[in-house]
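Visitor: here you go, sequence then predicted model.
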Amino acid sequence: MKVAFYWYPKCGTCRKAKNWLDENNVAYEEVHIVENPPSRSTLEELYKNSGVELKKFFNTSGQKYRELGLKDKVKEASDAELLDVLASDGMLIKRPLITDGNKVTLGFKEEEFKESWNK
């Protein structure tokens with residue numbers, strides 16, 4: 001099955017991940033995370049499948065994250081509130097976000113990619 005590769009083309013980490021996927025012949029469908037961000041229901045499903053804390057889905061180094069003062073809000077907000085915030089702007093989501101419907105990876109760590117996406 002093709003994986004969904006949510007990315008932002010200007011992001012260096014996303015480009016590294018894309019190169020890795022290409023070099024390892026992983027079939028994927030590119031999705032521009034800002035132009036076509038995952039819906040709230042998709043994010044909720046990804047969160048449940050990922051096995052990671054919801055706060056890990058946030059792009060904490062992003063300008064939008066800082067502008068909205070999310071550092072403190074993320075600690076206190078409910079999952080429902082956090083999903084609403086994430087769904088409001090693709091720039092808030094850690095990228096690249098990759099999923100095959102079951103597995104989910106956030107960001108680019110070569111070891112994690114080898115484990116998850118190398119067939």
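Guide: That came through, no problem.

Visitor: check what pLDDT Gln63 gets.
Guide: Looking at Gln63, its pLDDT is 93.

Visitor: ok, it - contacts?
Guide: With contacts defined as Cβ atoms under 8 Å, 6 or more residues apart in numbering, the neighbours of Gln63 are Met91. All C-beta spots, glycine's among them, are computed from the backbone N, C-alpha and C.

Visitor: try Asn102
Guide: Applying Cβ under 8 Å, 6+ apart, the residues contacting Asn102 are Asn49.

Visitor: helix, strand or coil for it?
Guide: coil (DSSP: H, G, I helix; E, B strand; the rest coil).

Visitor: name the helices or strands packed onto the host helix or strand of Glu112?
Guide: In this structure, Glu112 sits in helix 110-117 according to DSSP states H and E. Under the contact definition 3 or more Cβ pairs under 8 Å, 6 or more residues apart in numbering; DSSP states H and E, helix 110-117 sits against helix 12-23, strand 104-106.

Visitor: TSV for these, including distance to Val31?
Guide: Compiled in TSV, the helices and strands packed on helix 110-117 are given as follows (distance: least, Cβ to Cβ, whole Å):
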stretch	distance to Val31
helix 12-23	11
strand 104-106	14
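
Visitor: make CSV out of those and add mean neighbour count.
Guide: Listed next are the helices and strands packed on helix 110-117 as CSV, based on neighbours: other Cβ atoms under 10 Å:
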stretch, mean neighbour count
helix 12-23, 16
strand 104-106, 21
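
Visitor: next structured bit after the helix or strand of the chain with the lowest mean pLDDT?
Guide: Lowest mean confidence among the helices and strands of the chain (mean pLDDT, DSSP states H and E): helix 70-76, at a mean of 91. Next in sequence after helix 70-76, counting helices and strands by DSSP H and E, comes helix 79-88.
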